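Q: Build me a model:
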Amino acid sequence: MRCFDVMNHSYFIKQHKRCVEDGNSSRDENKRLRVIRLQTIHDVDEKLWDSIIENQDLFHTHRFIRSIEDAKVENSSFWYLLFYSNDTLVGTAVLSSFIVSLDLFIGGILQKFIIALRKLFPYFLKVKILFCGLPISIGKNGLMISNPTWGEELLRLLVEEMEQIAPEHKIRILCFKEFPKDEDQGIDILTKYHFLRANSIPYIRMKIRWKNFQSYLGAMRHNYRRHVLRSLKKLGRSEPLIQACSSSKMSSDKPVLVLANHSICSHQQFYRLYLDVMDHAEIKLETLNEAFFEKFYKNMNQDMEVLAVVRGEQILAAAIVTVYHNVMTFLLAGLDYSKLKENDIYFNLLYGIVSRAIQRGCTRLDLGQTPYWLKQCIGGQETPVYFYIRAERSILQLLLKTFQSLLFPELKLQPLRVFREGY
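A: Numbers count the residues shown, from 1 in each chain. Alright, predicted model coming up:
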């Protein structure tokens, strides 16, 4: 029985003891799957881990995951589960644990009250959670199942693993994040194990069906097209012109869109702009550290592009986008908020992303989550996102259930009619 290309059978038995047929797993002789648990992605062969990844899931790859683990984002702890049928890998899951504020989605007067209360009780509503998922909020989950027929059994084993890990590390809440409505992977079976399905913040996607930016503009209704043209005019353009530039100095006095290399926008520069965004963010689950951007630039170099709005030697805005199997993902943004209103830099950055997605022949552009209205104005459409949460203590579970609508309110976005009929 070969578990890894880099591990022999005896090592696996000695160090992990997680086969269904052996040890702790013997309580259920009818199981058809076995599970291996590891605590670092570096103990998993990269080719093995990536072997069952679907075409559009760059964010479950070994190289992306190790960018987060090696950066120690949020001082998280990690566990990696590999599910086997005989010697065939049929599923993988990433678990991480870090401290989260349960008032994440609460706003208004109540949020102000909680902030005031934390002056006396700093850890009020702050709890350590064991997630199936990574400590990065990009609307993606940490679960991969190669065949839906294994889904129910795999999820049962996954819950059992989380139930074993939680008490060992004094964790009181389990959570599966985040599942777009159209990518649920049969995840709703978790309600059978007393998980509550809760509302996360919606995800914005956009179908790319135009041959060029002008045809994209031509499909728009007049009011939205006028706004695009007005913003582009501040760059002296009628459509985004993206320059491929290798110089660290830009000669133009006006802002220009640039495909930036490391000399134009290093990971340090992007991180500074990213922190400006986080300082102004209303909702944030975690804050990525500089080490993440260093690791990401290194590990994901072949998958990423940095699109920047540059004036002279100044970077006014930047976006990290990835392209994987015809899907472009707007992953992270950095903005100089002191220059935000000048030249409509964020709008022009978004138009540049759309233009670049068309140039790359992408069929879909994933725009992420907030800010919604701006992304809807360029043609993005809402996809509801859910997560599943359960407390390990009955009193805390009762509180979660009682205040579910308050802690995790449903955010319904008003649809915008951006395109003319037939588009």
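Q: ok, which stretches of the protein are helices?
A: Remark: helices assigned in the chain by DSSP state H are 9-15, 46-50, 62-71, 108-117, 151-168, 213-219, 222-233, 267-280, 290-299, 345-359, 372-377, 394-402, 404-407.
Q: Where does the prediction get shaky in the stretch 251-400 of the chain?
A: 251-252, 283-284 (pLDDT under 70).
Q: on that earlier part again, relative to Phe78, which of the helices of the chain is closest?
A: helix 62-71 (5.4 Å; CB to CB). Where you see a C-beta, it was placed from the backbone N, CA and C, and this is true even at glycine.
Q: then the closest one to PDB, C-alphas only?
A: Taking C-alpha atoms only, helix 62-71 is exported to PDB below (Å, rounded to 0.1, in the frame of the first residue of the first chain):
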ATOM      1  CA  HIS A  62       0.100  22.800  -3.100                       C
ATOM      2  CA  ARG A  63       1.900  25.900  -4.200                       C
ATOM      3  CA  PHE A  64      -0.900  28.300  -3.100                       C
ATOM      4  CA  ILE A  65      -1.400  26.500   0.200                       C
ATOM      5  CA  ARG A  66       2.300  26.500   1.100                       C
ATOM      6  CA  SER A  67       2.400  30.300   0.500                       C
ATOM      7  CA  ILE A  68      -0.100  30.600   3.300                       C
ATOM      8  CA  GLU A  69       1.400  28.000   5.700                       C
ATOM      9  CA  ASP A  70       5.000  29.200   5.300                       C
ATOM     10  CA  ALA A  71       3.900  32.800   5.900                       C
END
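Q: Please parse this protein into its domains.
A: Here the domain assignment for the chain is 9-202+385-407, 204-383, based on automatic domain parsing.
Q: Quick one: closest of those to Glu421.
A: Closest to Glu421 of those, according to CB to CB: domain 204-383, at 9.4 Å.
Q: and the closest one, how far out from the chain's middle?
A: 17 Å (CA atoms, centre = their mean, to the nearest Å).
Q: okay, how far is it across that domain, tip to tip?
A: Across domain 204-383, the terminal residues are separated by 6 Å (CA to CA, to the nearest Å).
Q: give the contact list for Phe388.
A: Just so we're on the same page, residue 388 is Tyr rather than Phe. Cys175, Phe176, Lys177, Phe179, Ile187, Leu190, Thr191, Phe195, Leu196, Arg197, Ala198 (CB atoms under 8 Å, 6 or more residues apart in numbering).
Q: Reformat those as CSV; add distance to Gln56, neighbour count and pLDDT.
A: Formatted as CSV, the contacts of Tyr388 follow (distance: CB to CB, whole Å; neighbours: other CB atoms under 10 Å; pLDDT from 0 to 100):
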residue, distance to Gln56, neighbour count, pLDDT
Cys175, 23, 21, 96
Phe176, 19, 28, 96
Lys177, 18, 24, 92
Phe179, 15, 25, 92
Ile187, 17, 21, 92
Leu190, 23, 23, 96
Thr191, 26, 12, 95
Phe195, 25, 21, 97
Leu196, 28, 18, 96
Arg197, 23, 17, 96
Ala198, 25, 19, 94
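Q: And those, which two are furthest apart?
A: Lys177 and Thr191 (15.4 Å).
Q: Please identify the one among the contacts of Tyr388 that lies nearest to Leu134.
A: Closest to Leu134, out of all of the contacts of Tyr388 and judged by CB to CB, is Lys177, at 8.9 Å.
Q: Quick check: that closest one touching Ser200?
A: Yes. Taking CB atoms under 8 Å as the definition, Lys177 is a contact partner of Ser200 at 6.9 Å.
Q: which residues are in contact with both of these two?
A: Common neighbours of Lys177 and Ser200 (CB under 8 Å, 6+ apart) are Phe387.
Q: how deep is Val90 tucked in, by neighbour count?
A: Neighbour count for Val90, taken as other CB atoms under 10 Å: 21.
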